[in-house]
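Asker: Need a 3D model of the following:
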Amino acid sequence: MRRTIFDLFAKSPFGPLQDHLAKVMVCVRLIPDFFRAVEKGDKEQIAAITEKVEKAEFEADQIKNQIRLDLPSTIFTPVNRADLLEILSLQDRVSDVAEDVVVLYRMKNIPLPELIRELFWKFLDQVMLTAEQYAKISGELDELVEASFGGAEAGKMVEMISSLSEMEHEADILQHALLYKLLTLEEELGALNIVLWMRVFQCVGDIANGAEKVGNRLRLFLSK
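Answerer: Numbering: from 1, shown residues only. You can find the predicted model right below:
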C-alpha cells in the first residue's frame, strides 16, 4: 500500500521533507562528477550527468508539489504547517541552483581554465561539505521530535547548525578568491566567458548558501 503524506507526517513532521531532501541531494552530489567531466572535456559524460541532474530536480519538484497538495491545513503536528512549507521551499531552491549550474554551462561549453582549477576544487569541496552538513542535520530531525524539540538533542542540533554556518562562510571566502582570480583572466578568456563562469560559480556557491538558509530557518524554529 502506498504511503500517504498524512501517514508520513503522522509518523514524523519532517518525514516528507527528508524524502524531498534525499532527491535534492541526488542533484547536488552529481555536481562534482559534472565538473570532472568538464575538466576532461568529455561531452558525452557532461550530457549524461546533465540529464541525471535535470531528472532528479524534476523528481524533487514532484515530491514538493505532492507535499503542498496533500498536506491539509487541519493536520496536527508539533510543527507549524507554514514552517514546514518554508523549509520545503528553501530545500527546493538548492536543487534548482544545482540544475542551474549544469544548464548554464551547457549554454556555451568552455573549458575550466587551468589557472583556477585547484582553487575551484577547493571551493567546490567546501560547498559539498556544507551541503552534506545540512543533510546530516536533516537526518537528526526525527530524534529531535522524539526529544520534544528540547534537551541535549536540541543543543546538538544548534551546534550542528553553527558548524553549517561556519562551513558556508569558508565557502564564501573561497568563492571570493576564485572570482578575483577569474577576473585576472579576462584578456585570455574574453568578457563573455568571464561572465559565464562568474554566473556558474555563483550558482555553485548558492548550493552552500541555500543549505545555510535552511539551517538558519531550523535554528529560528528551535528558538520558538
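
Asker: rest of the way, CA atoms for contacts and neighbours
Answerer: OK.

Asker: can you give me the helices for the chain?
Answerer: Secondary structure of the chain by DSSP state H: the helices cover 5-11, 15-29, 31-40, 43-70, 81-107, 114-139, 141-146, 151-183, 186-189, 191-222.

Asker: where does this structure have its least confident helix or strand?
Answerer: Sorting the helices and strands of the chain by mean pLDDT, DSSP states H and E puts helix 5-11 at the bottom, at a mean of 48.

Asker: quick one: the residue of the chain most remote from its centre from Leu88, how far?
Answerer: Here the centre of the chain is the reference, and by Cα atoms, centre = their mean the most remote residue is Glu187, at 33.1 Å. Distance from Glu187 to Leu88, counting by Cα to Cα, to the nearest Å: 43 Å.

Asker: what's the answer for Lys156, then?
Answerer: Lys156 sits 22 Å away from Leu88, going by Cα to Cα.

Asker: quick one on the thing from earlier: by mean pLDDT, show me the worst of the helices of the chain.
Answerer: Mean pLDDT is lowest for helix 5-11 among these, at a mean of 48.

Asker: For Lys156 and Leu88, indicate the residue with more neighbours.
Answerer: Taking neighbours as other Cα atoms under 10 Å, Lys156 and Leu88 compare with Leu88 leading, 23 against 15.

Asker: Leu213 contacts Leu90, correct?
Answerer: You called it Leu, but residue 213 is Lys. Yes. Using Cα atoms under 8 Å, Lys213 is in contact with Leu90, at 7.1 Å.

Asker: Compare neighbour counts for the two and give me the winner.
Answerer: Applying other Cα under 10 Å to Lys213 and Leu90 shows that Lys213 carries more neighbours, namely 21 against 18.

Asker: How confident was the prediction at Ile75?
Answerer: Predicted confidence (pLDDT) for Ile75: 50.

Asker: mind checking how far the most centrally placed residue in the chain is from Lys43?
Answerer: The C-alpha lying nearest the average C-alpha coordinate of the chain belongs to Val94 (Cα atoms, centre = their mean; 3.6 Å). As judged by Cα to Cα, Val94 and Lys43 stand 25 Å apart.

Asker: Also Ile137?
Answerer: Counting by Cα to Cα, the gap from Ile137 to Lys43 is 36 Å.

Asker: Next, the contact list for Ile31, please.
Answerer: Ala98, Val102 (Cα atoms under 8 Å, 6 or more residues apart in numbering).
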